[in-house]
Structures are given as structure tokens and as C-alpha cells.
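1. need the 3D shape of this:
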Amino acid sequence: MKKAIDAGYAYPGQWKGKGSPIYPSWWIEDEDGEYAEDMAANPPEEVILPANKKYTLKIEYPLSTPFLADFETGKKGMTRQEFVDMACEAYQEIYRIEDGDVGGPTPDIPGMMNRQTSNGRYGIWGHDIGDLTIHTLYLEKNNLITLGVDS
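-> So this is what the prediction gives:
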């Protein structure tokens, strides 16, 4: 049984480093308040992972070979902001490594807006980093965390 935890809406392709906004600016500027409740219910500073725990982050989408990284939450636990910072930085690193493995950015499929599958260590397929939105983390058995990602 896995537990879903709301991550907000983070865009790894637009991530500018630690503390970048989890919610896009158009949410904050939303005049009718459509998104205010979601932002209030899932604040960036909320501790979402308990203190002094070890986890493994597994990123599978859109990768042919998953990325795995172990991490610890520290004395105070890990906030939503800290987790999203880590996940977005991992995505940026995955795409940097892949570009290095294949000698540059992978081109799109002719006539489509999706990228070709690259032949680097992760085999990224279908989507550039700018297409991705992290919205959920799933806490699974054995302290494994996977991500809900839309494109």
C-alpha cells in the first residue's frame, strides 16, 4: 500500500534552485481564488517526511532506466519545499547527464513535439524536462519514494 503526499505543482524545467516556488506564479495571481485552498492545504514549509529517516527516491518517468538516489530527512524532517527542491534538482541532473552521454540535446521526433528516445544511461523518451510537472510523491514499502509526474 502506498501513501500519496501532495507535492504542489513543481516544474523541473523552470526550477531555479533551492526555494523556487512550488506553485506557478499564475496560481498566486489567480483572481478568483480557485487555487488558494490547495496552496493553503499544502504549504511549502509543512514537514511531509519524518525526522531521521532514510529513503530512496526512484524517478521512472520518462526514463527507460530508473534513477535511484538515497537521502536522509535530517533532525527536523523534510518539508514539502525541501523535497520538491531535491526532486527538481534530480530531474535537472538526469537531463544534464543524458545530454552529456549523447553529446547534446536529443532532437524531437520529426513532425512531433516529443523528443526521440536518447541512448544515454537513462534512455529518456518522449518528453523534454520543460514538459514535466511533479504533483505527488508516493511513499511505498521499504521507504521507497516514487513520483507522480504529468507531461
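
2. C-terminal to the helix or strand of the chain with the lowest mean pLDDT, what's the next element?
-> Across the helices and strands of the chain, mean confidence by mean pLDDT, DSSP states H and E is lowest for helix 25-28: a mean of 64. Counting by DSSP states H and E, the element after helix 25-28 in chain order, helix or strand, is helix 36-41.

3. with just CA atoms, put that next one into PDB.
-> Coordinates of each C-alpha in helix 36-41 appear next as PDB, following Å, rounded to 0.1, in the frame of the first residue of the first chain:
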ATOM      1  CA  ALA A  36      -5.900  29.400  -2.900                       C
ATOM      2  CA  GLU A  37      -7.400  26.400  -1.000                       C
ATOM      3  CA  ASP A  38      -4.900  23.900  -2.500                       C
ATOM      4  CA  MET A  39      -2.000  26.200  -1.700                       C
ATOM      5  CA  ALA A  40      -3.300  26.700   1.900                       C
ATOM      6  CA  ALA A  41      -3.800  23.000   2.400                       C
END
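
4. list the buried residues of that helix.
-> By 16 or more other CB atoms under 10 Å, the buried positions in helix 36-41 come out as residue 39. All C-beta atoms are positioned from the backbone trio N, CA, C, and that covers glycine.

5. with stretch 42-57 instead?
-> Within stretch 42-57, the residues scored as buried using 16+ other CB under 10 Å are 42, 44, 48, 49, 55, 57.
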